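1. generate coordinates for the sequence data below:
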Amino acid sequence: MAVTRAEVVHGGFVAWLAFVALLEITLVAAFLVATVVTPHSDFSSLGFLPAALLYGAVFGGGVSLVVELIGLPVAWLVARGMAGVRSIRAHVAVYAALGAGVGLAVTGVFAFLSGSASIWWSPFPPLAVALSAASVVFGWWRASRAARWALAART
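-> Next up, the predicted model:
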């Protein structure tokens with residue numbers, strides 16, 4: 001499972017796109033649930049959905065792009081460390097853990113910068129962890145196709 005820098009950059013870009021897409025899907029789902037649960041509330045109106053999607057794409061996409069650029073050297077080190085590991089499950093577990101760590105780190109930075117420790121008791125941390133973990137695994141999966149095919153051909 002040798003890796004090149006181009007594959008790591010490709011995986012990071014795919015992970016970023018996946019995160020933004022999952023974020024937007026999560027926002028749509030949250031608005032739909034809020035509309036069903038409290039149909040007469042002003043804040044559950046689907047009229048706010050376009051603004052929320054724009055806010056999510058601009059700010060969520062922007063923050064996640066910065067996180068990706070900062071995290072690429074870490075991803076490179078992880079990829080190099082995992083180069084001799086043949087187990088696909090081990091790769092999935094390691095990259096899921098990397099993504100979960102990113103989600104927790106971003107939540108921690110947000111809590112620190114906003115001065116709001118109460119964020120830890122909201123749905124935000126589990127969502128950030130889940131979306132980040134899924135995105136990083138998907139990025140690895142897309143970027144490692146050639147290596148996985150070569151590994152499969154040898155077995």
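
2. which non-adjacent residue is nearest F19?
-> S135 (3.9 Å; Cβ to Cβ, 6 or more residues apart in numbering). C-betas here are computed from N, CA, C, even on glycine.

3. where along the chain do the helices fall?
-> Ranges of helices in the chain, per DSSP state H, are 5-37, 49-55, 61-81, 88-114, 124-143, 145-154.

4. returning to what we had before: the residue nearest to F19 contacts A15, doesn't it?
-> Yes. Judged on Cβ atoms under 8 Å, S135 makes contact with A15 at a distance of 4.6 Å.

5. between these two, which is the more surrounded one?
-> Taking other Cβ atoms under 10 Å, S135 and A15 do not tie; A15 has more neighbours (31 against 27).

6. tell me who's in contact with the more buried one.
-> By Cβ atoms under 8 Å, 6 or more residues apart in numbering, the contact set of A15 is E68, G99, S135, V136, F138, G139, W140.

7. contacts only, for the residue positioned nearest the centre of the chain.
-> Closest residue to the average C-alpha location of the chain: S132 at 2.4 Å, with Cα atoms, centre = their mean. Contact analysis of S132 by Cβ under 8 Å, 6+ apart lists F19, G99, A100, V102, G103, V106.

8. count of neighbours near the residue nearest to it when sequence neighbours are not counted?
-> Nearest non-adjacent residue to S132, counting by Cβ to Cβ, 6+ apart: G103, 3.5 Å away. A count of neighbours around G103, defined by other Cβ under 10 Å, yields 25.

9. distance of G103 from R145?
-> Computed as Cβ to Cβ, to the nearest Å, the G103 to R145 distance reads 25 Å.

10. where does this structure dip in pLDDT?
-> The chain contains residues with pLDDT under 70 at 1-2, 41-44, 146-155.

11. re earlier: neighbour-wise, which of the contacts of A15 leads?
-> Result: V136 is most packed of these (other Cβ under 10 Å), 32 neighbours.

12. quick one, what contacts that one?
-> Applying Cβ under 8 Å, 6+ apart to V136 gives the contacts A15, A75, Y95, A96, L98, G99, V102.
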